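1. Everything below, folded, please.
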Amino acid sequence: MARTAKADDPKAGLALLWGEQEQPTRGPKPSLTPQRIAAAAVQLADAQGLDAVSMSKVAAEFEVSAMALYRYVPGKTELVALMVESVLAELPDRSAAGDDWAQRLRGWAHGSLAVHRRHPWLLAATTMSRRLMGPNQLGWLDAAHAALAPTGLGAAQCHQVFVLVAGLVRSVAQQHVDYDEAGSQEWDRLTGELLTRHAERFPALSRAIAEGAFAPTGIDPLDFGLDRLLAGVRELIEAQG
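-> Next up is the predicted model:
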């Protein structure tokens, strides 16, 4: 079956994300939809990671050939964009915090981290090199800017605050992806032995470790970062009157 759109064509990809692609007027009724295909790909990525997702593996879930999927999705780039749209379908709830911009932004951050925790592959799927954005992804961006609207900061400043918060969320999400308890314990043991032998070369680090810098604290890293970040934003608001 011939493809209906050229793979990696941004215009075609955006039309697919926004439901603006041309619909066939002749031929048999489609048996699949881009949304069903994306949902199957999400399940595959949740179980095995984004690298495991391919048109052939997703096609196997529907017992069709990979070529059959190209009638609905031009290629993997567009499929990944559809997957992102699928998991971002539920926008953050902004009603509970009222006009408290800090609480609304904090809720946005925790909501975003929750999505990343449920779908660890989302980090790789939303890098700067993957630029196709649908209405759901833009809805999350809009929600963050709406949360900052009461601050009175300029649009460019609000966007920079958003970039900082989004970066913090991604950093914490990456920590969760990378963490391995057994590997961490082994790293701590080996590094501790090295620093014991070479403490004079790394005095500040050796002192920090001795004082428990890397010991579990029970502090939520997202809240810790948000507390520091939002305090700085409040200072900026006050400085601008």
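
2. For the rest of this, base every contact and every neighbour count on C-alpha atoms.
-> OK.

3. Verify the contact between P10 and L132 for me.
-> Yes: when contacts are counted by C-alpha atoms under 8 Å, P10 is listed as touching L132 (7.0 Å).

4. quick one: which of these two has more around it?
-> Using other C-alpha atoms under 10 Å as the criterion, P10 and L132 rank with L132 on top: 20 against 14.

5. What's the separation between the more buried one and H176?
-> 26 Å (C-alpha to C-alpha, to the nearest Å).

6. repeat for G192
-> Using C-alpha to C-alpha, G192 is found at 23 Å from H176.

7. So for the two, which residue has more residues nearby?
-> G192 (16 against 13).

8. helix/strand/coil for the more buried one?
-> At G192, secondary structure determined by DSSP: H, G, I helix; E, B strand; the rest coil is helix.

9. Let me know the pLDDT of it.
-> Note on G192: pLDDT of 78.

10. Please apply the same query to the one 4 residues further on.
-> In the predicted model, T196 carries a pLDDT score of 85.

11. same question, T4
-> Confidence at T4, expressed as pLDDT, is 49.

12. tell me which element R131 is part of?
-> Here R131 is covered by no helix or strand, with elements defined by DSSP states H and E.

13. Also D227?
-> helix 221-239.

14. What residues sit buried inside stretch 73-92?
-> Neighbour-count burial for stretch 73-92 flags 73-75, 77-88, 91-92 (criterion: 16 or more other C-alpha atoms under 10 Å).

15. Then stretch 165-172?
-> Using 16+ other C-alpha under 10 Å as the test for burial, stretch 165-172 gives 165-166, 168-172.

16. Quick one: end-to-end distance for stretch 119-133.
-> Stretch 119-133 has its terminal residues 17 Å apart, counting by C-alpha to C-alpha.

17. what distance separates that stretch from the centre of its chain?
-> Averaging C-alpha positions (C-alpha atoms, centre = their mean, to the nearest Å) puts stretch 119-133 6 Å from its chain's average.

18. ok, now stretch 76-86?
-> Remark: stretch 76-86 is offset 13 Å from the chain centroid, using C-alpha atoms, centre = their mean.

19. same deal with stretch 102-109?
-> Relative to its parent chain, stretch 102-109 has a centroid offset of 16 Å by C-alpha atoms, centre = their mean.

20. ok, and what's touching that stretch?
-> With C-alpha atoms under 8 Å, 6 or more residues apart in numbering as the test, stretch 102-109 has contacts from 92-94, 97-98, 143-144, 147-148, 165-166, 169, 226, 230.

21. Equivalent analysis for stretch 195-208, please.
-> Outside stretch 195-208, no residue touches it (C-alpha under 8 Å, 6+ apart).

22. Please state the mean pLDDT value computed over the longest helix seen in the chain.
-> Secondary structure of the chain per DSSP state H: the longest helix is helix 155-178. Mean pLDDT, computed over helix 155-178, is 96.

23. quick one: average confidence on stretch 112-120?
-> Averaging pLDDT along stretch 112-120 gives 97.

24. any idea how this protein splits into domains?
-> In terms of domains, the chain is parsed into 10-87, 101-179+211-239 (source: automatic domain parsing).

25. Span of the shortest one from start to end?
-> Pointing back at domain 10-87 there. With C-alpha to C-alpha as the measure, domain 10-87 spans 21 Å from end to end.
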